[in-house]
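**Q** show me the folded form of this:
(chains A, B, C and D)
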Number of protein chains: 2
Amino acid sequence: MSLRPAIGTVATQARVSIRTVSRVLNNSKAVTAATRNHVMGVIRELNYSPSPTARRLAGHRSRLIGLPFDGPYASYVTDIQSGSRSIFRAAGYQTVMHACDSQTANVADEIAKFVRSLRVDGVILTPPLSDLHAVTDVLSAEAIPFVKIAPTARSVPAHSVFTNDRDACAWMVRHLFSQGHRRIGYVIGHPDHAGTAQRYAGYCDGLAASGLCLDAQNVVQCDSTFESAIEQVQGLLNRRSTLRPTAIFAGNDSMAAGVLRLAHEMGIAVPEELSIAGFGDEPLAIQVWPRLTTIRQPLQTMARQAAQLLVQQLVNDSKSVAMPPPLLDPAQRVESSLILRQSTGRAIRRL
Amino acid sequence: MSLRPAIGTVATQARVSIRTVSRVLNNSKAVTAATRNHVMGVIRELNYSPSPTARRLAGHRSRLIGLPFDGPYASYVTDIQSGSRSIFRAAGYQTVMHACDSQTANVADEIAKFVRSLRVDGVILTPPLSDLHAVTDVLSAEAIPFVKIAPTARSVPAHSVFTNDRDACAWMVRHLFSQGHRRIGYVIGHPDHAGTAQRYAGYCDGLAASGLCLDAQNVVQCDSTFESAIEQVQGLLNRRSTLRPTAIFAGNDSMAAGVLRLAHEMGIAVPEELSIAGFGDEPLAIQVWPRLTTIRQPLQTMARQAAQLLVQQLVNDSKSVAMPPPLLDPAQRVESSLILRQSTGRAIRRL
DNA sequence: GAATGAATTGACAACGTTGTCTTTGGCGAG
DNA sequence: CTCGCCAAAGACAACGTTGTCAATTCATTC
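**A** Numbers count the residues shown, from 1 in each chain, chains lettered A, B, ... in the order given. Alright, predicted model coming up:
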């Protein structure tokens, strides 16, 4: 009844055993070149492709990489997927995304269901998932290897791709200082979100390096959303102009856009009266007006690195070895870059 | 070696046959309440959950719904997924997303690989995938049921969820007319994208209903992106103000945001000198300044409807019947709504 | 008190691979 | 020439479910 040929058909046609066909499919080296070529020929002739389901059941592996993500961060994950695609494909894996709502439901359960149902061989965790212990606990319990992208907390290097958020943020502050800014505000993101702490630390570093004092009055706690910035930053901008920051640096672009919106509504000219900088170079950054000065993370590079780390783990685990992966220095960091746009400029001296 | 109990363990423990446990798992009605309760008790006690892989292999179905999407449309698909979740969950299905790059690679191949590898039971197609014949051909060839969301072309009603894009666009034009606008421009999206033609038709309808003539000079062809609008709409805004449209309606919010950006750069006040309206109520719509007047599609409703249509097909196919799905009128359309915000206002009389 | 038939339950063979162990064949060393 | 050994290929049993059909149970009917 099955329209598609099974491995047995190939074996019969090629006059070899099923096991030999299987060996050919799995690049086993215990097959003569002649046999391999012959079998390959029959495979092509019959247009045969092995049943992933049967392979999963018998082989105890799915050749699937899970890419769960938290709702709004879809574009981030899309970049990660496209960046890691070639590595995974070469190693015989395929990626599968899954959106999970970290607010309403229990994320850990959601992800547990996802990985159990698909029996993924490995998982890539993106922020803010990479910092949720509940999630990593689930994966550890299921013995599923994973790699975290840009985790906030210290993690096993071989299982994480780090960014230099902290240094980049310090650079940004020093750049603003060099433009004449002396009162530089900061908008902190959600405490649970990746990088939030690192970025704030970078802000502090930058102030120190510029010889400025950290003034708690210039720091506002938000929750990484556009709306929260609009709500919380009002206090900062309501001050009379001689006390108001001349520049505000936000922990991500969404919040920077919120500050920008607020400035528009309050009639504060950007960047003439107020410079605004963000972080992340989200698509939004060039769609608001003026375009946001921000920090770009090399997502594609990070993704490639994460994929390599994960493949290394998988190969180590299975020992079955399809290919020796290129050795990668786990300590290697990826470098972010400053993107200067129109939302920042020289500070004007206030009367 | 397996840490998890298999169905055999449950059967032994419950002193029934494997098949009976299977029947309990599949809600077969050929099981006494007493037996069912007893088996359920053992299942809970052992914390048993069936192996999806084995079920797939033996049952010839994966209980998986594929949700492929085209790169940039991630947030759209996230909404679709969350909207359809409850329906699919009730019917025993789980959704799996997959980003495919419609530019670089061959989308159809990509999707073929995806559905074959996961053996999904059904697929939901979102724009612009819902209009690609290559994709639907692949699915038909594999005999995988699918539902299209907001397809441009006429399609089988039982396999599509339609929107009233056309009517909604006509309303928008009439609203602008009622605000005193007489020269109303239109920005057309990418010809391949869902709704593009319908929306333009609605614009024409709206003009006609308002007694205005369609002026080709007020219509600009773009490709649905923010950047294309910035590039193409310049000509329209460069005219001297007595000839320039007093309102511009764009086929989606990204392009409307592009027009808005352009207006800012050219020093044209919005909405005082120019009203701008978009379509879709994308997240972007409330992040730009001023917020965009737009048309909101009830994505959650559409998703729910698509899920129901798909489940109906799946149940019809398998006849195994877990539950009778609520009958749904396939011809039912979902209604969009006008969202009035600050990017539109009364037309001012020009000197 | 059988005979009838419907409701439950069970036995066994799929499903399409890979894991493990065995067999075969060829070749060099003693 | 024989023994031993290694590389190549095969046999057979997993893997954990569901499909199919046969067997049992139990209430009903004559």
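
**Q** residue B:75 versus residue A:67, what's the distance?
**A** In this view, residue A:67 and residue B:75 are 16 Å apart by Cβ to Cβ, to the nearest Å. (Glycine included, C-beta is placed from N, CA and C.)

**Q** more neighbours: which of the two?
**A** Between residue A:67 and residue B:75, counted using other Cβ atoms under 10 Å in any protein chain shown, the more crowded position is residue A:67 (28 against 18).

**Q** tell me the residues of chain A that contact DNA strand C?
**A** Chain A has residues A:1-2, A:4, A:6-8, A:18-19, A:22, A:25-26, A:48, A:50-51, A:53-55, A:57-60, A:320 near DNA strand C, with proximity defined as Cβ under 7 Å from any atom of the strand.

**Q** please name the residues that touch the spatially most central residue of chain A.
**A** With distances taken as Cα atoms, centre = their mean, the residue of chain A nearest its centroid is residue A:126 (4.2 Å). Residue A:126 makes contact with A:67, A:69, A:70, A:73, A:76, A:77, A:80, A:149, A:150 under the criterion Cβ atoms under 8 Å, 6 or more residues apart in numbering or on different chains.

**Q** got the phi and psi for the residue lying closest to it once chain neighbours are set aside?
**A** Closest residue to residue A:126 apart from its sequence neighbours, by Cβ to Cβ, 6 or more residues apart in numbering or on different chains: residue A:149 at 5.0 Å. Phi and psi for residue A:149, reported as degrees, to the nearest 10, are phi -100, psi 130.

**Q** can you confirm residue A:148 is in a strand?
**A** Yes: under DSSP: H, G, I helix; E, B strand; the rest coil, residue A:148 sits within a strand.

**Q** identify the bridge partners of it.
**A** Beta-bridge partners for residue A:148, by DSSP bridges, are residue A:125, residue A:160.

**Q** got the contact list for it?
**A** Per Cβ under 8 Å, 6+ apart, neighbours of residue A:148: A:125, A:130, A:131, A:136, A:155, A:159, A:160, A:161.

**Q** which strands or helices does the helix or strand where residue A:74 lies pack on?
**A** Using DSSP states H and E, residue A:74 falls within helix A:74-90. With contacts defined as 3 or more Cβ pairs under 8 Å, 6 or more residues apart in numbering or on different chains; DSSP states H and E, helix A:74-90 has these neighbours: strand A:64-70, strand A:94-100, helix A:299-318, helix B:74-90, strand B:94-100.

**Q** tell me, how many residues neighbour the residue of the stretch 1-150 of chain A found nearest chain B?
**A** Residue of the stretch 1-150 of chain A nearest chain B, by Cβ to the nearest Cβ: residue A:74 (3.1 Å). Look at residue A:74: counted by other Cβ under 10 Å, it has 23 neighbours.

**Q** let me know the distance separating the closest residue to it other than its chain neighbours from residue A:66.
**A** Leaving aside its sequence neighbours, residue A:74 sits nearest to residue B:74 (Cβ to Cβ, 6+ apart; 3.1 Å). Distance, residue B:74 to residue A:66, by Cβ to Cβ: 17 Å.

**Q** now swap in residue A:231 and tell me
**A** Distance from residue A:231 to residue A:66, by Cβ to Cβ: 35 Å.

**Q** looking at those two, which one has more neighbours?
**A** residue A:66 (24 against 15).

**Q** and the residue located most distally from the centre of chain A, how far from DNA strand C?
**A** Note on chain A: the largest C-alpha distance from the chain mean falls to residue A:15, namely 48.5 Å (Cα atoms, centre = their mean). Using Cβ to the nearest atom of the strand, to the nearest Å, we find residue A:15 at a distance of 14 Å from DNA strand C.

**Q** now residue A:189
**A** For residue A:189, the distance to DNA strand C - Cβ to the nearest atom of the strand - is 45 Å.

**Q** what do you get for residue A:245?
**A** For residue A:245, the distance to DNA strand C - Cβ to the nearest atom of the strand - is 61 Å.

**Q** what's across from the residue nearest to that residue when sequence neighbours are not counted in the sheet?
**A** Spatial nearest neighbour of residue A:245, chain neighbours left out: residue A:185 (3.7 Å); criterion: Cβ to Cβ, 6+ apart. Beta bridges link residue A:185 to residue A:248 when assigned by DSSP bridges.

**Q** was I right to think residue A:185 contacts residue A:222?
**A** No: under the contact definition of Cβ atoms under 8 Å, residue A:185 does not touch residue A:222, with a separation of 11.7 Å.

**Q** now do the shared contacts for the two.
**A** With Cβ under 8 Å, 6+ apart as the test, residue A:185 and residue A:222 both reach residue A:233.

**Q** count the neighbours of residue A:214 for me.
**A** There are 11 residues near residue A:214, going by other Cβ under 10 Å.

**Q** just the element for it, please.
**A** With DSSP H and E as the test, residue A:214 turns up in no helix or strand.

**Q** poorly predicted segments of chain A, please.
**A** For chain A, the stretches with pLDDT under 70 are A:1-3, A:71-73, A:102-105, A:152-158, A:316-333, A:349-351.

**Q** hmm, the strand or helix carrying residue A:138 touching chain B?
**A** Taking DSSP H and E as the criterion, residue A:138 maps to helix A:133-141. No: against chain B, helix A:133-141 shows no contacts by Cβ under 8 Å from any Cβ of the partner chain, the least distance being 9.8 Å.

**Q** quick one, strands of chain A?
**A** Using DSSP state E, the strands assigned to chain A run over residues A:64-70, A:94-100, A:122-125, A:146-149, A:160-161, A:184-188, A:219-221, A:247-250, A:275-277, A:294-296, A:337-339.
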